[in-house]
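Novice: Everything below, folded, please.
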Amino acid sequence: MLDLSHALLSLSPRTGIGPRSGENGAPFVCEALDTLLNELERYRPGLTTKPAIVAANKMDVRGADATIALLERQTDWPVVPISSMHGYGIPTLTSQLRRIIQPIKDEKAVLKGREDFLKTIHKFNPGQ
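Specialist: The predicted structure follows:
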């Protein structure tokens, strides 16, 4: 999940970008998302190809619909509007997170099961 509020605070010393909200914030949020994605890609190439969610906070602010529309056009990731102040969208966000995380957990469980099986075979057949 991309939490732009934290990312913006960490980017602001390097980029001059700081958090904004309200009607004039929509283009700024999209610029911030671009900056964040570029930073992530420089940090670890390929990281931006992983499954992710954009949690768009402050959706109780006037003009938030324009921000959501711009973000949805800018990214292929799901954009989940939330208001942490009012709890709006939090159940949707957690549901979306589970849909991303569960297949990863299942795959790890399968790999762990195979690993445990191979250890058991080698335990009983040490020469093989």
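Novice: helices or strands next to the biggest helix by length in the chain in the packing?
Specialist: Longest helix in the chain by number of residues (criterion: DSSP state H): helix 90-124. In this structure, helix 90-124 makes packing contacts with strand 79-81, judged by 3 or more CB pairs under 8 Å, 6 or more residues apart in numbering; DSSP states H and E. The C-beta positions use only the backbone N, C-alpha and C, and glycine is treated the same way.
Novice: Strand partners (parallel or antiparallel) of the strand it packs on?
Specialist: strand 54-56 (parallel) (DSSP bridges).
Novice: so how far is the partner strand off the chain centroid?
Specialist: Relative to the mean C-alpha coordinate of its chain, strand 54-56 is positioned 8 Å out (CA atoms, centre = their mean, to the nearest Å).
Novice: now for the following helix or strand past it, which elements pack on it?
Specialist: Using DSSP states H and E, the helix or strand that follows strand 54-56 in sequence is helix 64-74. Counting contacts by 3+ CB pairs under 8 Å, 6+ apart, helix 64-74 packs against helix 25-43, strand 54-56, strand 79-81.
Novice: Just the buried positions in stretch 101-113, please.
Specialist: Using 16 or more other CB atoms under 10 Å as the test for burial, stretch 101-113 gives no buried residues.
Novice: what mean pLDDT does it have?
Specialist: Mean pLDDT, stretch 101-113: 75.
Novice: Dump it to CSV, keeping only the CA atoms.
Specialist: What follows is stretch 101-113, C-alpha atoms only, in CSV (Å, rounded to 0.1, in the frame of the first residue of the first chain):
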residue,chain,number,x,y,z
ILE,A,101,-1.6,-10.5,0.7
GLN,A,102,-3.5,-13.9,0.9
PRO,A,103,-2.2,-15.3,-2.4
ILE,A,104,1.4,-14.4,-1.3
LYS,A,105,0.8,-16.1,2.1
ASP,A,106,-0.6,-19.2,0.3
GLU,A,107,2.3,-19.4,-2.0
LYS,A,108,4.8,-19.2,0.9
ALA,A,109,2.9,-21.9,2.7
VAL,A,110,3.1,-24.2,-0.3
LEU,A,111,6.9,-23.6,-0.6
LYS,A,112,7.3,-24.2,3.1
GLY,A,113,5.4,-27.4,2.8
